Each structure stands twice: as structure tokens, then as C-alpha cells.
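Q: heads up, no residue letters with this:
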């Protein structure tokens, strides 16, 4: 009897945030060692960079963290950089955990956005 295999969806290469298209760039160890960052959001260039060798849970958290930086900027939220980093970090980690622990709820939520799931 064969074990069913589940294929992972391909890594995204772009994401629309508010009304802007961001490129998603997957970075190697050389980039990580140079920057000492798991991820980075460049709102001027509309790019999100993610270190490609993260474990899945850290990659999920880092990806949402960088997306939230883009949302923060594009929604006109302003303030001190340290404050932004604190807010984004706490919300990204919190939401990543809620999403992970409640996949059925978020499947329902996604269906609402696509016109179904009432």
C-alpha cells in the first residue's frame, strides 16, 4: 500500500498588498550571513525578501511579519521605527499561531472573501 504524498504549493514570487504588487525574493545563506535578517521588506522597491532555509514555522512567521511591514506602510501608519517593529513582530507571531491552530476557521474565512462560506 502506497503512502499518499501531499505536494507543497510552490513558493510565491509575488503578492498584492493593498493596491501594490510586491515581488517575493527567496534569499540564500550568503544573503542571510550578510544581512543577519530572516526577512526584509523594501517598500520603495516593493520587494519582500525571505531567507529560504528557515524551518516552516519560522518561515511562516517571517513571511507574515514582512507582509505586515508592507501593510503598515501602505495604510499610512507612521511612527517610530522601533514602535513599528514591536507592533509588527507581536501581531505577526500572534496571528501565525492563531492561523496554525485554527486552519478550519481560516479556510472558512478565505471562502468568505471568495464569495462562499456563509
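A: Perfect, I can see it now. From a predicted model like this one, the values you see are computed outputs, not experimental measurements.
Q: helices or strands next to the single longest strand found in the chain in the packing?
A: For the chain, the longest strand by residue count, based on DSSP state E, is strand 20-27. With contacts taken as 3 or more Cβ pairs under 8 Å, 6 or more residues apart in numbering; DSSP states H and E, strand 20-27 sits against strand 14-17, strand 47-51, helix 56-74. (C-beta placed from N, C-alpha, C; glycine too.)
Q: how far off centre is that strand?
A: 11 Å (Cα atoms, centre = their mean, to the nearest Å).
Q: which residues touch whichever helix or strand comes after that strand?
A: Following strand 20-27 in sequence order, the next helix or strand is helix 29-35 (DSSP states H and E). Residues outside helix 29-35 that contact it (Cβ atoms under 8 Å, 6 or more residues apart in numbering): 27, 38, 49, 51, 53.
Q: hmm, back to that, quick check: mean pLDDT of the longest strand of the chain?
A: When pLDDT is averaged over strand 20-27, the result is 97.
Q: any idea how many residues pack against the nearest residue to residue 22 once chain neighbours are set aside?
A: Counting by Cβ to Cβ, 6 or more residues apart in numbering, residue 46 is the residue found nearest to residue 22 once chain neighbours are left out, at 4.7 Å. When counting by other Cβ atoms under 10 Å, one arrives at 16 neighbours for residue 46.
Q: show the pLDDT at residue 6.
A: 68.
Q: please apply the same query to residue 96.
A: With respect to pLDDT, residue 96 has a value of 94.
Q: contacts only, for the residue nearest to residue 22.
A: Contact partners of residue 46, counting by Cβ under 8 Å, 6+ apart, are 20-23.
Q: go ahead and name everything in contact with stretch 76-91.
A: Contacts of stretch 76-91 (Cβ under 8 Å, 6+ apart): 65, 68-69, 72.
Q: farthest pair in these?
A: 65 and 72 (10.5 Å; Cβ to Cβ).
Q: compare the two and say which is more crowded by neighbours.
A: residue 65 (23 against 19).
Q: separation between the more buried one and residue 91?
A: 9 Å (Cβ to Cβ, to the nearest Å).
Q: equivalent analysis for residue 105, please.
A: In this view, residue 105 and residue 91 are 17 Å apart by Cβ to Cβ.
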